[in-house]
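In: Only the shape, not the letters, is given here:
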């Protein structure tokens, strides 16, 4: 079984590394990741705050990914990818004597790729949330750094209206140009009445929301620019020609006072229903530092729509 193979190979590798940073859970973590790959069963691993900061645990899951007989996707920020491709992977490849292909990028390599593919969280989430997702199903996926997963998801799902979007809207619907200019001026007046705060970030008031609702009511929904359509879908505009999102959303504005400019932002509040279908497409190993005090991480799992069938492990501190 791959768990035994990974255990033995990693054990010998660690013993061969004079001065290699010690971590008492390397073999346990490697076996659990290998088990997840073999069974196609998702897992949530919390490595501890100190270890998460130092990143020593990555040797464990890299060994399992390299020794697995099929393709593996590793989702990680670019700084982590550089560490993996320049240090962790070459060192282990040389010891394990495996010639598994390693690729990085924003889109699946295609064909019969059987190697390890590294991708950023933003690119992976964009593909998974897109209706045109070109990633094959059932490819084991390791997400490193899931302490930030909610922030990554919200960043990807946030729709923003900037200054140039108003210009695009007037070009797309010239017959309503005056109404659009008036709505923009009213919003500017209302938003700049908010008392200044250090973040220049403000929840939309009922009066401001009413201005947006009225604006959308006079626009031709079918000919809206894409950003305005996406914003409307999350804003839950009630229009007979438009089907709003079923999930409640958070609507806020950011202000650049010196420039006299503002931006509007909208994002779904409940992520679970949106993300749940993604976790059904492939087994996922979630690796974080300290996601939650409890091993089972019930709140984290509920917020992200994670299924009940999930192997959970939380390592003690050194």
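Out: It's in. A quick note: this is a predicted structure, and the numbers were derived from the prediction, not measured. Numbers count the residues shown, from 1 in each chain.
In: The stretch 1-150 of the chain: strands as residue ranges?
Out: Assigned by DSSP state E, counting those that start in this stretch, the stretch 1-150 of the chain shows strands spanning 43-46, 72-75, 102-104, 116-119, 141-144.
In: Quick one, which of those strands gets closest to residue 56.
Out: Residue 56 lies closest to strand 141-144 among the strands of the stretch 1-150 of the chain, at 12.6 Å (C-beta to C-beta). Bear in mind the C-beta positions are built from the backbone N, C-alpha and C, glycine included.
In: picking that back up, would you turn the strands of the stretch 1-150 of the chain into TSV with distance to residue 298 and mean neighbour count?
Out: Formatted as TSV, these follow (distance: least, C-beta to C-beta, whole Å; neighbours: other C-beta atoms under 10 Å):
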stretch	distance to residue 298	mean neighbour count
strand 43-46	11	24
strand 72-75	23	24
strand 102-104	34	16
strand 116-119	29	24
strand 141-144	19	24
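In: What's the local residue count around the residue lying closest to residue 297 once chain neighbours are set aside?
Out: Distances taken as C-beta to C-beta, 6 or more residues apart in numbering place residue 291 nearest to residue 297, at 5.1 Å, with adjacent residues excluded. When counting by other C-beta atoms under 10 Å, one arrives at 24 neighbours for residue 291.
In: cool, residue 55 as well?
Out: 19.
In: same check, this time on the one 5 residues further on
Out: Per other C-beta under 10 Å, the neighbour tally for residue 60 reads 27.
In: show me where pLDDT drops low in the stretch 201-318 of the chain?
Out: By pLDDT under 70, the low-scoring segments of the stretch 201-318 of the chain are 236-247, 317-318.
In: what does the stretch 1-150 of the chain give?
Out: 19-21, 52-53, 132.
In: And the helices in it?
Out: Assigned by DSSP state H, counting those that start in this stretch, the helices in the stretch 1-150 of the chain fall at 2-16, 26-39, 49-54, 58-67, 78-83, 89-96, 121-129, 149-157.
In: Out of those, the one nearest residue 224 is which?
Out: It is, among the helices of the stretch 1-150 of the chain and with distance given as C-beta to C-beta, helix 149-157, at 18.9 Å.
In: Just checking, which helix or strand succeeds the closest one along the chain?
Out: Downstream of helix 149-157, the next assigned helix or strand under DSSP states H and E is strand 159-161.
In: buried residues in that following strand?
Out: 159, 161 (16 or more other C-beta atoms under 10 Å).
In: Direction included, what does that strand pair against?
Out: strand 261-268 (antiparallel) (DSSP bridges).
In: Tell me what angle the partner strand forms with helix 149-157.
Out: 120 degrees (axes from the mean of the first three to the mean of the last three C-alpha atoms, to 10 degrees).
In: Can you give me the buried ones in strand 261-268?
Out: Neighbour-count burial for strand 261-268 flags 262-268 (criterion: 16+ other C-beta under 10 Å).
In: Stretch 15-34 too?
Out: With burial defined by 16+ other C-beta under 10 Å, the residues of stretch 15-34 counted as buried are 23, 25-27, 29-34.
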